[in-house]
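K.L.:
predicted model and sequence follow; I will ask about them next.
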Amino acid sequence: MKRMDSKSDNGREFSSDDDASPRCVMEAPVSETESDSTTTSSSSSSSFSPEKLPLPPPPAVAAAALRKTNSKESNLQQWKTMIDVFKFKNVKKLTTIPLLSAGNEITRKGFAKKLARIRSAEDSIDIGVIPTKPSWRNFDYAELAAATNDFNPENLVGKGGHAEVYKGHLPDGKVIAVKRLMKNAKDAGDRAGDFLTELGIIAHINHPNATRLVGFGIERGHYFVLEYAPHGSLSSLLFGSECLEWKTRFKVSIGVAEGLQYLHQDCPRRIIHRDIKASNILLNENYEAEISDFGLAKWLPTNWAHHVVFPIEGTFGYLAPEYFMHGVVDEKTDVFAFGVLLLEIITGRRAVDSDSRQSLVIWAKPLLDTMNVTEIADPRLEGEYDPIEMKHAMVTASLCVHQISSKRPFMNQVVPLLKGEVAAIELKQNSPATRSLLLEACDLEDYTCSSYLKDLNRHRELINE
Ligand SMILES: Nc1ncnc2c1ncn2[C@@H]1O[C@H](COP(=O)(O)OP(=O)(O)OP(=O)(O)O)[C@@H](O)[C@H]1O
């Protein structure tokens, strides 16, 4: 469940290129005059003058939320304060975006160029698709407290590194999950920014295999109000006391794959999740998978092939090599994590064994290469699985955890592969040969299991330092 942050190997800082995304959310609730004055005052703290730049992108989801829900003055003030703080942070962050090459001080000209790139990427995004009448709303603290019996510990259904999740009931009988973000080491502005980014992303998503937003709360903390998933997380079922039957496992695998395909390719603004793992897959009343926890998710505009990000965040055991070694992130980072998740579903083993600290990818590799179904399958299944589905799952997992990112399939290839609608060989023949330069530099044809293990260990050392 724990995420970890770490420094890159030489300690240099890569900044996330996508500060643009939260800004889209942020600009919304402030009127033009207010917006201008806020930006100007923020900019005075930095050497760069954002007011000389093109106008910000049009309003987005938070505007819709605010228009719909905020009648109270105090509420508006709360938002405004959060927005002011966030804008200040955002401008500060933007002024310090380093160049991709290590050690280079960013120049004003370089920054302007970079920002122009960011803006042109944003401009290509059609955000007109945001629903004008969102079904979610702003909850008062009193409503959330009433729903959760004053955040009674008995209602606590889950706890992650960043949040506590409480089961609750609304007056109309709807069952909800209230995710209360915990105060962490970050300051108020960063927390508000993170909250708004996550809110913007969840509000944007509309797919049966992704968690559904009921609303949010901003009084006395930051809250997401989500549809309640009665069967909890895949992690609790897969590694629980009872054996999860193969039929459900396979259904969940397809659901997650379809949810990821939606995020990567089909939703109006492409999204990478960056923290796909068993505890972030929830199961609804029909045991259908819902991808949850968008705390690390990033917008991925169409004309950015990938990002270089810092800090490296995610969950140990699920991280793709190019990400934990070089900070390179794109949708293939999620594909790798999905491959690890598939291996967990197949084997009933965790991504990293808690005792031996052995990586599941390394353990499974020889069994995948030889298609050794009996050895790799979870012994708790006692052979009770569909061998064809198992083989499809193995072939898919094997391709997804390829050390070389460009050799991993895209999620719209994974779905038919997993369903057995296409063979791996056909996939290879139809794959486009395009490779990005940066990935080309990171991909080493002779990247072996042992070098992966070495990198993984080095990475673990860095986290523990
Ligand atoms: N909608 C929901 N319905 C039921 N249970 C939920 C729901 N959302 C979250 N949970 C439970 O709460 C746990 C923690 O939630 P979540 O992963 O969102 O928290 P987090 O602090 O962001 O986690 P992380 O440590 O990955 O950052 C989940 O693993 C799940 O068991």
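P.N.:
Received, thanks.
K.L.:
next one: V422 from the ligand, what distance?
P.N.:
32 Å (CB to the nearest ligand atom, to the nearest Å). For the C-beta atoms, the positions are set from N, CA and C on the backbone; glycine is no exception.
K.L.:
hmm, I was thinking of R137
P.N.:
R137 is 17 Å from the ligand, by CB to the nearest ligand atom.
K.L.:
for the ligand, what are the nearby residues on the stretch 201-350 of the chain?
P.N.:
Residues of the stretch 201-350 of the chain found near the ligand (CB under 6 Å from any ligand atom) are 211, 226, 228-229, 232-233, 275, 279-280, 282, 292-293, 295.
K.L.:
can you pick out the most distant pair from the residues you listed?
P.N.:
Y228 and D275 (20.6 Å; CB to CB).
K.L.:
where do the strands of this protein begin and end?
P.N.:
With strands called from DSSP state E, the chain shows them at 4-6, 137-138, 156-159, 163-169, 175-181, 213-217, 223-227, 271-272, 281-283, 289-291, 298-299, 307-308, 312-314, 328-329.
K.L.:
tell me the most buried of these?
P.N.:
When those are scored by mean count of other CB atoms under 10 Å, the highest mean neighbour count falls to strand 328-329 (a mean of 27).
K.L.:
for the strands of the chain, which has the smallest mean pLDDT value?
P.N.:
Lowest mean pLDDT within these: strand 4-6, at a mean of 40.
K.L.:
L244 - how many residues pack around it?
P.N.:
Other residues near L244 come to 21 when the count uses other CB atoms under 10 Å.
K.L.:
of the residues of the stretch 201-350 of the chain next to the ligand, which is the most crowded?
P.N.:
Result: D293 is most packed of these (other CB under 10 Å), 29 neighbours.
K.L.:
quick one: pLDDT of the closest residue to it other than its chain neighbours?
P.N.:
Residue nearest to D293 in three dimensions, not counting chain neighbours: N280, with 4.3 Å by CB to CB, 6 or more residues apart in numbering. N280 carries a pLDDT value of 96.
K.L.:
for N280, give me its contacts.
P.N.:
By CB atoms under 8 Å, 6 or more residues apart in numbering, N280 lies in contact with 233, 273, 291-293.
K.L.:
ok, these vs F239, which is closest?
P.N.:
Among the contacts of N280, and counting by CB to CB, the member closest to F239 is S233, at 9.8 Å.
K.L.:
wait, what's in contact with the closest one?
P.N.:
158, 278-283.
K.L.:
which one of those residues is nearest the ligand?
P.N.:
The shortest approach to the ligand among these belongs to G158, at 1.9 Å (CB to the nearest ligand atom).
K.L.:
does that closest one touch V178 like I think?
P.N.:
No: the pair G158 / V178 is not scored as a contact, 11.0 Å apart, by CB atoms under 8 Å.
K.L.:
give me the below-cutoff pLDDT ranges for the stretch 1-150 of the chain.
P.N.:
Residues of the stretch 1-150 of the chain meeting the criterion pLDDT under 70: 1-134.
K.L.:
give me the residue from the stretch 301-450 of the chain nearest the ligand.
P.N.:
Counting by CB to the nearest ligand atom, the stretch 301-450 of the chain gets nearest the ligand through T315, at 6.9 Å.
K.L.:
wait, that residue touches K277, no?
P.N.:
Yes: using CB under 8 Å, T315 makes contact with K277 at a distance of 4.9 Å.
K.L.:
shared neighbours, these two?
P.N.:
Counting by CB under 8 Å, 6+ apart, the residues touching both T315 and K277 are A351.
K.L.:
any chance you could map the helices in the stretch 351-465 of the chain?
P.N.:
Counting by DSSP state H, counting those that start in this stretch, one finds helices in the stretch 351-465 of the chain at the ranges 360-369, 373-376, 387-400, 411-419, 424-430, 437-442, 449-464.
K.L.:
and these, which one's lowest on average pLDDT?
P.N.:
When those are compared on average pLDDT, helix 437-442 comes out lowest at a mean of 47.
K.L.:
tell me, how many residues neighbour G173?
P.N.:
Neighbours of G173 (other CB under 10 Å): 6.
K.L.:
would you mind measuring from it to Y228?
P.N.:
12 Å (CB to CB, to the nearest Å).
K.L.:
next one: R408
P.N.:
R408 is 34 Å from Y228, where distance means CB to CB.
K.L.:
over to L196?
P.N.:
L196 is 23 Å from Y228, by CB to CB.
K.L.:
if I look at G161, how far off is W246?
P.N.:
Counting by CB to CB - G161 and W246 are separated by 31 Å.
K.L.:
wait, C400
P.N.:
Going from C400 to W246 by CB to CB gives 19 Å.
K.L.:
so those two - more neighbours on which side?
P.N.:
A direct count of neighbours by other CB under 10 Å for C400 and W246 places C400 higher, at 26 against 20.
K.L.:
how about the nearest residue to that one, chain neighbours excluded?
P.N.:
The nearest residue in space to C400 (CB to CB, 6+ apart) is G339, at 2.7 Å.
K.L.:
quick one: Q261 and P416 touch, right?
P.N.:
No: the pair Q261 and P416 fails to qualify as a contact (CB under 8 Å) at a distance of 10.0 Å.
K.L.:
more neighbours, those two?
P.N.:
Q261 (21 against 18).
K.L.:
which residues touch that one?
P.N.:
Here Q261 is in contact with 411-412, 414-415 (CB under 8 Å, 6+ apart).
K.L.:
what does P387 give?
P.N.:
Neighbouring residues of P387 by CB under 8 Å, 6+ apart: V373.
K.L.:
from R269, how far out is it?
P.N.:
40 Å.
K.L.:
can you check Y287 too?
P.N.:
Counting by CB to CB, the gap from Y287 to R269 is 29 Å.
K.L.:
adding distance to T396 and neighbour count, write the contacts of Q261 out as TSV.
P.N.:
Below are the contacts of Q261 laid out as TSV (distance: CB to CB, whole Å; neighbours: other CB atoms under 10 Å):
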residue	distance to T396	neighbour count
M411	11	24
N412	13	16
V414	6	28
V415	9	18
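K.L.:
what's the first-to-last distance across stretch 356-376?
P.N.:
End-to-end distance for stretch 356-376: 18 Å, by CA to CA, to the nearest Å.
K.L.:
stretch 294-312 now?
P.N.:
First-to-last residue span, stretch 294-312, CA to CA: 16 Å.
K.L.:
repeat for stretch 401-413
P.N.:
Terminal residues of stretch 401-413 lie 14 Å apart, using CA to CA.
K.L.:
now do stretch 274-294
P.N.:
Stretch 274-294 has its terminal residues 8 Å apart, counting by CA to CA.
K.L.:
same question, stretch 135-145
P.N.:
Counting by CA to CA, you get 21 Å between the two ends of stretch 135-145.
K.L.:
buried residues in it, which are they?
P.N.:
Across stretch 135-145, burial judged by 16 or more other CB atoms under 10 Å covers 136-139, 143-145.
K.L.:
again with stretch 145-152
P.N.:
So for stretch 145-152, counting by 16+ other CB under 10 Å, buried means 145, 147-148, 151.
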